[in-house]
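Trainee: Quick one, fold the following:
(one chain, ligands or ions: 3)
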Amino acid sequence: MKRTPHLLAIQSHVVFGHAGNSAAVFPMQRVGVNVWPLNTVQFSNHTQYGQWAGEVLAPQQIPALVEGIAVIGELGNCDAVLSGYLGSADQGRAILTGVARIKATNPKALYLCDPVMGHPEKGCIVPQEVSDFLLDEAVAMADFLCPNQLELDSFAGRKPQSLFDCLGMAKALLARGPKAVLVKHLDYPGKLPDGFEMLLVTAEGSWHLRRPLLAFPRQPVGVGDLTSGLFLARVLLGDSLVAAFEFTAAAVHEVLLETQACGSYELELVRAQDRIAHPRVRFEATPIGL
Ligand SMILES: Nc1ncnc2c1ncn2[C@@H]1O[C@H](COP(=O)(O)OP(=O)(O)O)[C@@H](O)[C@H]1O
Ligand SMILES: Cc1ncc(COP(=O)(O)O)c(C=O)c1O
Ligand SMILES: [Mg+2]
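Mentor: Ligands and ions are numbered 1, 2, ... in the order given. Have a look, this model is predicted:
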């Protein structure tokens, strides 16, 4: 029987609604991965409501929890680490220590970093020190990096002029450590207004994918977290990077269709669960070169 992969997911938890682990854990489980959720913060709700209650996990808890798993002899079963929304830069450094510890136990373990940075216009509140940590330190350790356009711009230190410019900016990141860069959301001058575009860049090649842009009165949150989580889950289940990319785009689109149909602001993950596991739509990733 094929082994079920295990994935340590280190990101935010919200009591109400869906962001961070609260957006990614159930979908990753639903597609067939054993998830070990480690919550960097526990907030009442995501920060785009403008107010929230809750606390940031003390950074020293992260290595302590990883060590606890080592003590019971299970750390070697960890196939991958995912990190997302961080409450402080010290938490980020504690995660990198944890990743190094896990890779020492299982050299095949993968680390996916979703570099969640502040987006004040959108209401995504992240301390500046966290962005600095992601830009300077996390990128070097990550096997996979999953920025959105704004985060890609921060890594490059500029805005793109074209799609090919985005490609160049993503490719430049490969030289800084990651084996693959998934740009979850492209925005560049000349982009067609009715499409939602993504890029996958690896040493072997680059792929572009377009899916329909859906209209929402208020943009749902947690889409990026869902995207990163499903991509890593499918890679662990044996997909090629391109197949995982295509699956992720389809499954995320299914969730957005369900969310739109319900008129919800929060992602309709429970209602969309069968569509996540077996997307009915399919989007083809097309090779793209410089
Ligand atoms: N097909 C789509 N139609 C409309 N909006 C979408 C679609 N896919 C994603 N979005 C929205 O686009 C934004 C893009 O998010 P993105 O930049 O990829 O990542 P993150 O969620 O990490 O910010 C989010 O506000 C998301 O809700
Ligand atoms: C607590 C929390 N986690 C994660 C996120 C990231 O969500 P997204 O997937 O939209 O980037 C947010 C965004 O506001 C948030 O408030
Ligand atoms: Mg994000």
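Trainee: drop to CA atoms for contacts and neighbour counts, all remaining ones
Mentor: Fine.
Trainee: Point out the residues in the stretch 1-150 of the chain that sit beside ligand 2.
Mentor: By CA under 6 Å from any ligand atom, the part of the stretch 1-150 of the chain that sits against ligand 2 consists of Ser12, Ala19, Gly20, His46, Thr47, Gln48, Tyr85, Val116, Cys124.
Trainee: avg pLDDT for the host helix or strand of Leu182?
Mentor: Per DSSP states H and E: Leu182 is located in strand 180-183. Taken as a whole, strand 180-183 carries a mean pLDDT of 98.
Trainee: CA atoms only: put that strand into CSV for me.
Mentor: C-alpha atoms of strand 180-183 as CSV (Å, rounded to 0.1, in the frame of the first residue of the first chain):
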residue,chain,number,x,y,z
ALA,A,180,10.9,26.0,-8.0
VAL,A,181,9.0,29.3,-7.7
LEU,A,182,5.2,29.4,-8.0
VAL,A,183,3.9,32.9,-8.6
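Trainee: Now Val14: phi and psi?
Mentor: Dihedral angles of Val14 (phi, psi; degrees, to the nearest 10) stand at phi -120, psi 140.
Trainee: what pairs with it across the strands?
Mentor: Counting by DSSP bridges, Val14 is bridged to Phe43.
Trainee: By pLDDT, rank the residues of the stretch 1-150 of the chain next to ligand 2 and give me the bottom one.
Mentor: For those, the weakest pLDDT value sits at Cys124, with 73.
Trainee: Mind checking if stretch 156-170 is in reach of ligand 1?
Mentor: No - Stretch 156-170 stays clear of ligand 1 (CA under 6 Å from any ligand atom), getting no nearer than 13.9 Å.
Trainee: List the contacts of that stretch.
Mentor: 152-153, 181, 183, 186, 188-191, 199, 201, 206, 290 (CA atoms under 8 Å, 6 or more residues apart in numbering).
Trainee: Likewise for stretch 227-237?
Mentor: Identification of contacts with stretch 227-237 by CA under 8 Å, 6+ apart yields 4-5, 7, 24-25, 27-28, 31-33, 79-80, 82, 112, 114, 146, 184, 241, 244-245, 247-249, 252.
Trainee: now swap in stretch 120-137 and tell me
Mentor: 47-50, 85-89, 92, 115-119, 154-155.
Trainee: where along the chain do the helices fall?
Mentor: Applying DSSP state H to the chain gives helices spanning 21-30, 61-71, 89-105, 128-133, 139-141, 149-156, 163-174, 223-236, 241-262, 273-277.
Trainee: Among the contacts of stretch 156-170, which ones lie close to ligand 1?
Mentor: Of these, not one also sits near ligand 1 (CA under 6 Å from any ligand atom).
Trainee: what two of those residues are the furthest from one another?
Mentor: The largest separation in the contacts of stretch 156-170, counting by CA to CA, is between Val181 and Gly190 at 22.2 Å.
Trainee: Between these two, which is the more surrounded one?
Mentor: For the pair Val181 and Gly190, the greater number of neighbours falls to Val181 (26 against 9), based on other CA atoms under 10 Å.
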